[in-house]
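**Student:** Model the structure of this input:
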Amino acid sequence: MKAYVFPGQGAQFVGMGKDLYDNSALAREMFEKANEILGFRITDLMFAGTDEDLRQTKVTQPAIFLHSVILAATLGDEFKPDMVAGHSLGEFSALVANKALSFEDGLRLVFARAQAMQKACEMEPSTMAAILGLEDTKVEEICRSIDEVVVPANYNSPGQLVISGSMKGIEVACEQLKAAGARRALPLKVGGAFHSPLMEPARIELAEAINKTTVNSPICPIYQNATALRVTDPDQIRKNLIDQLTAPVLWTQIVQNMVSDGADHFVEVGPGNVLQGLIGKIAKEVTTAGA
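**Tutor:** Numbering: from 1, shown residues only. You can find the predicted model right below:
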C-alpha cells in the first residue's frame, strides 16, 4: 500500500516551486490564485527571494504548503494514495491532497495559522531544541521534572525528539538531558515554542477559523499529528487539526501505525527529503521516494 507524506517547516529553499510554475499550466494557475488569496506575490519570494525572506513564518508556511499541494496536483492520475499524513504544517497539505479541504480553504487556514503562531511567539519569548540519542521516556521524565514550560513537541524518530518551551525551560532541560546521556541537545533557530502550551493563544485564534471551514469526507484516511490514528470523519479531522497547535507531533507513532495498517511504500511530496530519512529510521522494512 502506498502512503503519501507531506513535510513541515524547515524544508523551504530559495527557488522552490519554480520548475513547477515554468513547466505546468495547472501549477501556474494555482500559484497565481495563491498570490491573489494572500494579497502579495509569494511566488516572487519563493522563486527569487532570500533565505531571510523565506524564514518569515508568514512566508515559510504558505510556501511549503503551496509547493506540496501543487506538486501533488501536477501528479494527476499518478497520485493514488491509500493513506496520507503530514508533519506539523504538512498536515494541512495532506488534507488538501486527500480532498478533505479545498485548495483555497487550506491556503487561507495555513496563512491564518502562520500569523496566529507569529503573534503567540511575540507574546512570550520561547524556543525549541533537538534531543538526540536518548530514550523518549527519559526525555519525557526530565521535561516533567522541570519547573518551567518544557514539553516533548516532535517525536521525529527513535532517538530524535524535539522539545519545546520557555527560554529558561529549554536551557535547563538541555543541561539535564546532556547530563542524563543525550548525545546532543541542540537549540533550534525557530521563532517560538511550537506544539506546546505556549501556543494556546494561536490555538484559540485558529480554532475559530477552522470551525468556519468546510471539512469534507476525504478520499483516503489521514493519520493526524495529535493522535497518530487513522481518521476519515470530518468532525474528528477538524478537532485534531485544532488540537495540533498545542499537542506534540507523533510522527514516529504515525509511521508505525501506517506500516501496521499495510503501508509499504512512502512517497514524500514537497520540498526536501527530511521525512524519507525519518521514515527510514522508524521502519527499515519499507521503501521511500520523493514525488
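**Student:** so how far is the helix or strand containing Ile210 from its chain's centroid?
**Tutor:** Applying DSSP states H and E as the criterion places Ile210 in helix 200-211. Helix 200-211 sits 17 Å away from the centroid of its parent chain (CA atoms, centre = their mean, to the nearest Å).
**Student:** quick one: buried residues of that helix?
**Tutor:** Pro201, Ala202, Arg203, Glu205, Leu206, Ala207, Ala209, Ile210 (16 or more other CB atoms under 10 Å). Glycine gets a C-beta too; all of them are placed from N, C-alpha and C.
**Student:** so where do the helices sit in the stretch 51-200 of the chain?
**Tutor:** 51-55, 57-74, 90-97, 103-123, 136-145, 167-179, 200-211 (DSSP state H, counting those that start in this stretch).
**Student:** mind checking how far the residue nearest in space to the middle of the chain is from Met30?
**Tutor:** Geometric centre of the chain, nearest residue: Ser88, 2.3 Å, by CA atoms, centre = their mean. Using CB to CB, to the nearest Å, one obtains 22 Å as the distance from Ser88 to Met30.
**Student:** quick one: Thr287 and Asp264 touch, right?
**Tutor:** Yes. Applying CB atoms under 8 Å, one finds Thr287 in contact with Asp264, separated by 7.0 Å.
**Student:** mind giving me the domain split of the chain?
**Tutor:** Domain assignment for the chain by automatic domain parsing gives 2-122+197-290, 126-187.
**Student:** Check the separation of the first and last residues in the longest one.
**Tutor:** Taking CA to CA, to the nearest Å, domain 2-122+197-290 runs 13 Å from one end to the other.
**Student:** roughly how far out does it sit from the chain middle?
**Tutor:** 6 Å.
**Student:** The last one too?
**Tutor:** Its chain's C-alpha centre lies 19 Å from the corresponding centre of domain 126-187 when counted by CA atoms, centre = their mean.
**Student:** Average pLDDT for that domain, rounded please.
**Tutor:** Averaging pLDDT along domain 126-187 yields 96.
**Student:** next one: the longest one
**Tutor:** This predicted structure assigns domain 2-122+197-290 an average pLDDT of 96.
**Student:** Ser93 versus Asn23, what's the distance?
**Tutor:** On the measure of CB to CB, Asn23 and Ser93 end up 20 Å apart.
**Student:** So between these two, which is more surrounded?
**Tutor:** Ser93 (31 against 10; other CB atoms under 10 Å).
**Student:** and that one, what does it touch?
**Tutor:** Phe6, Ile64, Phe65, Ser68, Val69, Ala72, Gly86, Gly106, Val269, Gly270 (CB atoms under 8 Å, 6 or more residues apart in numbering).
**Student:** Equivalent analysis for Ile42, please.
**Tutor:** Counted by CB under 8 Å, 6+ apart, Ile42 has contacts Ala34, Asn35, Val59, Pro62, Ala63, Leu66.
**Student:** and the fourth one, how many residues sit next to it?
**Tutor:** I take that to be Pro62. By other CB under 10 Å, neighbour count at Pro62 equals 25.
**Student:** isn't it right next to Leu109, touching?
**Tutor:** No. Contact criterion CB under 8 Å: Pro62 and Leu109 do not qualify, at 10.1 Å.
**Student:** Just checking the distance from stretch 114-128 to the centre of its chain.
**Tutor:** The answer for stretch 114-128 is 16 Å, by CA atoms, centre = their mean.
**Student:** how long is stretch 120-128 from one end to the other?
**Tutor:** End-to-end for stretch 120-128, by CA to CA: 14 Å.
**Student:** ugh, wrong one, stretch 83-95
**Tutor:** End-to-end for stretch 83-95, by CA to CA: 11 Å.
**Student:** what's the answer for stretch 240-248, then?
**Tutor:** OK, stretch 240-248 end separation, CA to CA: 11 Å.
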